[in-house]
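Student: From the sequence below, what's the structure:
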Amino acid sequence: MPYTEREKKRVLARVRRVKGQIAALENALEEGTECRAVLQQIAAIRGAVTGVMRQVMESHVRETFGSGADLPPEQRDEDVEELNELIRSYLK
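Tutor: Residues are numbered from 1 along each chain as shown. Okay, here's the model as predicted:
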């Protein structure tokens, strides 16, 4: 979850833009828009989703490992592994 209220608002704004892009893609497909334009829209959506992922991941890293995170070594190791699993699943 985004770390601050400001970050939460920024992530939600990005998600809403992605929703708009997906709606535009759906319309383009229904209207039989040429493949090049459809592929461009898909690439734009992918980039937008990557931006959301980056923003949430950065927030998670700050929250989990930032200066206020006083974790025992075992917990830190678990958190690092969890983050690595998230990164691996995203990069598949």
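Student: which residues sit in contact with Ala24?
Tutor: Gln41 (Cβ atoms under 8 Å, 6 or more residues apart in numbering). In short, each C-beta sits where N, CA and C put it, glycine included.
Student: Do you know the pLDDT at it?
Tutor: Model confidence at Ala24, given as pLDDT, is 97.
Student: May I have the phi/psi pair for it?
Tutor: phi -60, psi -40 (degrees, to the nearest 10).
Student: Check the gap between it and Leu39 for me.
Tutor: Distance of Ala24 to Leu39, computed by Cβ to Cβ, to the nearest Å: 13 Å.
Student: mind checking which helix or strand the residue nearest the centre of the chain is in?
Tutor: For the chain, the residue nearest the mean C-alpha position is Met53 (1.7 Å; Cα atoms, centre = their mean). Per DSSP states H and E: Met53 is located in helix 35-65.
Student: For the helix or strand following that helix, list the C-alpha coordinates in PDB.
Tutor: Following helix 35-65 in sequence order, the next helix or strand is helix 73-90 (DSSP H and E). Extracted C-alpha coordinates of helix 73-90, given in PDB (Å, rounded to 0.1, in the frame of the first residue of the first chain):
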ATOM      1  CA  PRO A  73      17.500  -9.600  10.900                       C
ATOM      2  CA  GLU A  74      15.200 -12.600  10.500                       C
ATOM      3  CA  GLN A  75      12.200 -10.400   9.700                       C
ATOM      4  CA  ARG A  76      14.300  -8.300   7.300                       C
ATOM      5  CA  ASP A  77      15.400 -11.400   5.500                       C
ATOM      6  CA  GLU A  78      11.800 -12.600   5.100                       C
ATOM      7  CA  ASP A  79      10.800  -9.200   3.800                       C
ATOM      8  CA  VAL A  80      13.600  -9.100   1.300                       C
ATOM      9  CA  GLU A  81      12.600 -12.500   0.000                       C
ATOM     10  CA  GLU A  82       9.000 -11.500  -0.200                       C
ATOM     11  CA  LEU A  83      10.000  -8.400  -2.300                       C
ATOM     12  CA  ASN A  84      12.200 -10.600  -4.500                       C
ATOM     13  CA  GLU A  85       9.300 -12.900  -5.100                       C
ATOM     14  CA  LEU A  86       7.100  -9.900  -6.100                       C
ATOM     15  CA  ILE A  87       9.800  -8.700  -8.500                       C
ATOM     16  CA  ARG A  88      10.300 -12.100 -10.100                       C
ATOM     17  CA  SER A  89       6.500 -12.600 -10.600                       C
ATOM     18  CA  TYR A  90       6.200  -9.200 -12.200                       C
END
